[in-house]
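task: produce atomic coordinates for the following.
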Amino acid sequence: MGISALIKGYLKFKKGAYELHEKEFVNLITNGQRPNALFISCSDSRVVPELITQCDPGTLFHHRQVGNFIPPYSDNLEGIHTSTLATIEYAIEGLKIKDIIICSHSKCGACANLYDDISNKPELKFLNTWLTQSPKLQKFVELQKNSGLHQDNLAEITERVSLLCQVENLLTYPIIYKKIKEQEIFLHAWYYDIASGDIDFFDSNRLDFIRLADILNEQKK
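As a prediction, this is how the structure comes out:
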């Protein structure tokens, strides 16, 4: 899809979806946004949060970056990735969101690159640095390199482990840890399978991934 197709898509949006949601957009401008959740996801073009959750404009506040990696908290403003911290601060303190969803996904290019040595590729020097944000994940990857697991199985396991590592990193942020401890916000870890459309969430009580649809069905009974 080239730029001309994107422009045509915009024109279709303006005449269709925008007119359908025009009152919502006007309300969001007049009264400001009040999103329910901070949605942290990968930059991957196949992950479309509003499409996945079927929610309206103004519902989700986004933070997207390669691999949905979250750098551990640091007081050193010169060394920390301030974009992540700024987004979290604004979502919690400015927008008063109640839920944080961090969403990993299948066929993640960032996780796949963890098994490739790209340190000798100067054209990917920033990506190489970015992929070192989670020491625990790096250690896991090193242990798995000679595991003999099928590539597809290894990829999915790594993506799920990465998700849990990013949750750990999120909890190093004092503002998040404090709010969760006081039950003012809630943290949700989702794994999205692009091929099937299924979402599993990590249940901290069962210490296992549970199909999100199954839990919703149980609640209806």
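
quick check: next helix or strand after the longest helix anywhere in the chain?
Taking DSSP state H as the criterion, the chain has its longest helix at helix 151-170. Next helix or strand after helix 151-170 toward the C-terminus (DSSP states H and E): helix 174-181.

shaky segments in the protein?
Residue ranges of the chain with pLDDT under 70: 77-80, 218-221.

okay, which residue is most central for it?
Central residue of the chain (Cα atoms, centre = their mean): Ser41, 2.0 Å from the mean position.

and it, how far from Pro174?
23 Å (Cβ to Cβ, to the nearest Å). Every residue, glycine included, has its C-beta placed from N, CA and C.

ok, the nearest residue to Tyr191 once chain neighbours are set aside - contacts?
Closest residue to Tyr191 apart from its sequence neighbours, by Cβ to Cβ, 6 or more residues apart in numbering: Asp200 at 4.6 Å. Counting by Cβ atoms under 8 Å, 6 or more residues apart in numbering, Asp200 touches 190-191, 193, 209-212.

return the set of buried residues in the helix or strand that contains Asp200.
Assessed by DSSP H and E, Asp200 sits inside strand 199-203. By 16 or more other Cβ atoms under 10 Å, the buried positions in strand 199-203 come out as 199-202.

which helices and strands sit right next to the helix or strand that it is followed by?
Note on strand 199-203: by DSSP H and E, the next helix or strand toward the C-terminus is strand 208-211. If contacts are counted by 3 or more Cβ pairs under 8 Å, 6 or more residues apart in numbering; DSSP states H and E, strand 208-211 sits against strand 199-203.

now the strand it packs on against helix 151-170, angle please.
If you take axes from the mean of the first three to the mean of the last three Cα atoms, to 10 degrees, strand 199-203 sits at 50 degrees to helix 151-170.

neighbouring strands - and their directions - for strand 199-203?
Using DSSP bridges, the strands paired with strand 199-203 are strand 186-192 (antiparallel), strand 208-211 (antiparallel).

from memory Ala110 sits against Arg64, does it?
No - if you go by Cβ atoms under 8 Å, Ala110 and Arg64 don't touch, sitting 12.0 Å apart.

who does the host helix or strand of Phe39 touch, helix- and strand-wise?
In the assignment (DSSP H and E), Phe39 maps to strand 37-41. Counting contacts by 3+ Cβ pairs under 8 Å, 6+ apart, strand 37-41 is packed against strand 60-64, strand 99-105.

highest average neighbour count across those?
strand 99-105 (a mean of 22; mean count of other Cβ atoms under 10 Å).

contact partners of that one?
36-42, 44, 46-47, 49, 68, 70, 91, 159-160, 162-163, 166-167, 170, 176, 185-194.

swap the cut-off to 7 Å and go again
36-42, 44, 47, 68, 159-160, 162-163, 166-167, 170, 185-192, 194 (Cβ atoms under 7 Å, 6 or more residues apart in numbering).

just the angle between that strand and strand 199-203, please?
Using the same axes, to 10 degrees: strand 99-105 against strand 199-203 is 120 degrees.

would you mind writing the CA trace of strand 99-105 as PDB?
What follows is strand 99-105, C-alpha atoms only, in PDB (Å, rounded to 0.1, in the frame of the first residue of the first chain):
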ATOM      1  CA  ASP A  99      -5.900   0.200  33.900                       C
ATOM      2  CA  ILE A 100      -2.600  -0.500  32.200                       C
ATOM      3  CA  ILE A 101      -2.600  -3.100  29.500                       C
ATOM      4  CA  ILE A 102       0.800  -4.300  28.200                       C
ATOM      5  CA  CYS A 103       0.200  -6.400  25.100                       C
ATOM      6  CA  SER A 104       2.800  -8.700  23.500                       C
ATOM      7  CA  HIS A 105       2.000 -10.600  20.300                       C
END
